[in-house]
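> turn this into a model:
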Amino acid sequence: MEEFTIKKKVVTDITGTFETLPIGKEFFVKNTVVKTQIVRPILSRLKLKGLEFKCTDRGLVDGCIVTRLK
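Model (predicted):
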């Protein structure tokens, strides 16, 4: 699992970064970079474009794991 890094905290930059994630890899997104409450709506918007992701924060205190499925 790789750690997720973003240069700026702008939603368009985060969306573009999620679009470029390779299929099947897991990425850890720290809450200090982007909060889970921001990640989930972004992934929902990307689902409208045909991209599918799985986001889980079960058992994690300081972030979430995002996996690109399609």
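
> pLDDT weak spots in the chain?
1-12 (pLDDT under 70).

> walking through it, point out its helices one by one.
Ranges of helices in the chain, per DSSP state H, are 11-19, 36-48.

> so can I have CSV of those helices showing distance to F28?
Glycine gets a C-beta too; all of them are placed from N, C-alpha and C. Below are those laid out as CSV (distance: least, C-beta to C-beta, whole Å):
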stretch, distance to F28
helix 11-19, 14
helix 36-48, 11
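
> how about a markdown table for these, with mean neighbour count and distance to K30 added?
Formatted as a markdown table, the helices of the chain follow (neighbours: other C-beta atoms under 10 Å; distance: least, C-beta to C-beta, whole Å):
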| stretch | mean neighbour count | distance to K30 |
| --- | --- | --- |
| helix 11-19 | 14 | 13 |
| helix 36-48 | 14 | 10 |
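
> nearest to K25, out of those?
When the helices of the chain are compared by C-beta to C-beta, helix 11-19 sits nearest K25, at 12.0 Å.

> quick one: that closest one to helix 36-48, angle?
Per axes from the mean of the first three to the mean of the last three C-alpha atoms, to 10 degrees, the angle that helix 11-19 makes with helix 36-48 is 60 degrees.

> other residues contacting helix 11-19?
For helix 11-19, the external contacting residues (C-beta atoms under 8 Å, 6 or more residues apart in numbering) are 4, 6-7, 34, 38-39, 42-43, 45-46, 49, 51, 53, 66, 68.
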